[in-house]
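Asker: Let me see the structure of the following:
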Amino acid sequence: MFPALVALLLAGTSHPESLSTTRIVVGGARATAELRFQALSLLEVMPELDLVPDGELDAEECRAGEARIAQYLLAGLRLVRVDGEREEPLAGRLEALVPDDPAQVGALDLQRLDARLAFESSAPIEVLAVESRLFHETNPWHRDLTTLEWNGAQGVLHTFEGADTRWLFEPAHVRRPSVFATFVRLGIEHILGGYDHLAFLLALLVASRRLKSLVGVVTAFTLAHSITLAAAALGLVKLPPRFVELAIALSIAYVACENLLRREARNPWIEAFAFGLLHGLGFAGFLGEALTGEPLILTALVGFNLGVELGQLAVVLVTTVLIALAFRPWRRRVAGTAEAGLVPRAVRLGVSAIVALSGFYWFAERAGWL
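Answerer: Next up, the predicted model:
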């Protein structure tokens, strides 16, 4: 038989095509693992199982070596319930072992075996560590394609190969708080390090007439960029990142130049909303990279947006307090006059000039002119 000849030729050596598949199904405190692997992979580890040296395992040989096979499979595939720092290896047993009929194996195929393992935990499984070292003794390049189905959810695939022998699986409801916190932090860091967005906010802030109007401006900007951030992150809107970054730079310069051309303070909530839509696309460009491979997109999106708002609010509050303390006597003196505003006209013009120059510089830099 051709498969037997192939097996005999490979006897004593490990074959590089060593491959197995595992389907793990978790439900409450129980789990099952359905394995399908090559008979040759098992015989390379336990050659004594082959009572009739032909490189294959029939039903009789499997029954004779079932106890040793079960011991090997349960040692090579371990399921561990993780509860914080505590780990509990799950007790397991072999429920079924079925070899392919050697007579039905194709000439170019290798015989395979199907095994079913059952595991039980002392408590419902919240986090599961899967450790797979099957056939690594003789096949360090062995690969196992593992699919894990968690309480009826869609299966998640993981490939064990080489030194990768442990997979810590956390279901969505366990990962959600940590994902949320991670993206809140990313949002805060992004807005605090986004000097172009902060410059835009500063131009809006010095243009405002009073604190009440500033609240409307910040609300309009927040609402606008939240809309486009969500739409872009969910794939509903897509614009070239280069165009977005150039447009953001021009929006900063535009608002600052408008401040320079107007003699009086105003309530720039229209500009805040219109250009906020644009800045939301800029936030989405960064978020899109951070979302790569993250299945909890909505959780990450809400967390990131909240982080942006918290960082933005902190900047606005600190700046507003400083302005209130620095210009309180001046505001009392000009209250009710045409000159009234959050800051004196000279300060508004000076800040706006710096922001306008910054906007034009960022545009030239992003256009590749510098």
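Asker: any low-confidence regions in the chain?
Answerer: 1-16, 106-108, 293, 331, 334-340 (pLDDT under 70).
Asker: Quick check: closest non-adjacent residue to the most centrally placed residue in it.
Answerer: Most central in the chain under CA atoms, centre = their mean is residue 294, positioned 2.5 Å from the mean C-alpha point. Closest residue to residue 294 apart from its sequence neighbours, by CB to CB, 6 or more residues apart in numbering: residue 300 at 5.5 Å. (C-beta placed from N, C-alpha, C; glycine too.)
Asker: buried residues in whichever helix or strand that neighbour is part of?
Answerer: Element membership of residue 300 [criterion: DSSP states H and E] is helix 297-334. Buried residues in helix 297-334, counted by 16 or more other CB atoms under 10 Å: 299-312, 315-316, 319-320, 323, 327, 331.
Asker: ok, now stretch 133-151?
Answerer: 134, 135, 136, 138, 139, 142, 143, 144, 146, 148, 149, 150.
Asker: now the end-to-end length of it.
Answerer: 25 Å (CA to CA, to the nearest Å).
Asker: List of residues touching it?
Answerer: Stretch 133-151 has contacts (CB atoms under 8 Å, 6 or more residues apart in numbering) with 14-16, 18-28, 35, 37, 41-42, 44-45, 73, 76-77, 128, 130, 132, 155-162, 165, 167, 169, 171.
Asker: helices or strands next to whichever helix or strand residue 36 is part of in the packing?
Answerer: Here residue 36, judged by DSSP H and E, is contained in strand 30-38. In terms of contacts (3 or more CB pairs under 8 Å, 6 or more residues apart in numbering; DSSP states H and E), strand 30-38 is packed against strand 19-27, strand 77-83, strand 112-120.
Asker: ok, and for that strand, which residues are buried?
Answerer: So for strand 30-38, counting by 16+ other CB under 10 Å, buried means 31, 32, 33, 34, 35, 36, 37, 38.
Asker: Residue 77 is in contact with the fourth one, correct?
Answerer: Spelled out, it's residue 34. No. Between residue 34 and residue 77 there is no contact, the gap being 11.0 Å when judged by CB atoms under 8 Å.
Asker: between those two, what contacts are shared?
Answerer: 22, 117.
Asker: which non-adjacent residue is nearest residue 29?
Answerer: Leaving aside its sequence neighbours, residue 29 is closest to residue 121 (4.4 Å, by CB to CB, 6+ apart).
Asker: Ramachandran coordinates for that neighbour?
Answerer: phi -110, psi 160 (degrees, to the nearest 10).
Asker: That one: how many residues sit nearby?
Answerer: Applying other CB atoms under 10 Å, we find 21 residues neighbouring residue 121.
Asker: which ones are touching it?
Answerer: So residue 121 contacts 29, 30, 31, 81, 88, 90 (CB under 8 Å, 6+ apart).
Asker: of all these, which comes closest to residue 117?
Answerer: Nearest to residue 117 out of the contacts of residue 121 is residue 31 (CB to CB; 8.7 Å).
Asker: does that closest one really touch residue 24, like I thought?
Answerer: Yes. If you go by CB under 8 Å, residue 31 and residue 24 touch, sitting 6.1 Å apart.
Asker: Overlap in contacts, those two.
Answerer: By CB under 8 Å, 6+ apart, the residues touching both residue 31 and residue 24 are residue 79.
Asker: hang on, residue 159 in a strand?
Answerer: Yes. Per DSSP: H, G, I helix; E, B strand; the rest coil, residue 159 lies within a strand segment.
Asker: Distance of it relative to residue 21?
Answerer: 10 Å (CB to CB, to the nearest Å).
Asker: of those two, who's got more company?
Answerer: Remark: of residue 159 and residue 21, residue 21 carries more neighbours, 15 against 12, as counted by other CB under 10 Å.
Asker: which ones are touching the more buried one?
Answerer: Applying CB under 8 Å, 6+ apart, we find residue 21 in contact with 35, 36, 37, 144, 145, 146, 147.
Asker: Closest one of those to residue 103?
Answerer: residue 36 (18.9 Å).
Asker: my read: the closest one touches residue 20, true?
Answerer: Yes. Here residue 36 reaches residue 20: they are 6.4 Å apart, a contact under CB under 8 Å.
Asker: what secondary structure does residue 51 sit in?
Answerer: coil.
Asker: How about the contacts made by it?
Answerer: Contacts of residue 51 (CB under 8 Å, 6+ apart): 60, 61, 64.
Asker: all strands of the stretch 101-250 of the chain, in order?
Answerer: 112-120, 127-132, 143-150, 156-161, 166-169 (DSSP state E, counting those that start in this stretch).
Asker: related to what we said a few turns ago, can you name the two of the buried residues of stretch 133-151 that are farthest apart?
Answerer: 138 and 150 (32.0 Å).
Asker: With distance to residue 229 as new columns, can the contacts of residue 121 be given to me in TSV?
Answerer: Below are the contacts of residue 121 laid out as TSV (distance: CB to CB, whole Å):
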residue	distance to residue 229
29	41
30	42
31	39
81	38
88	42
90	42
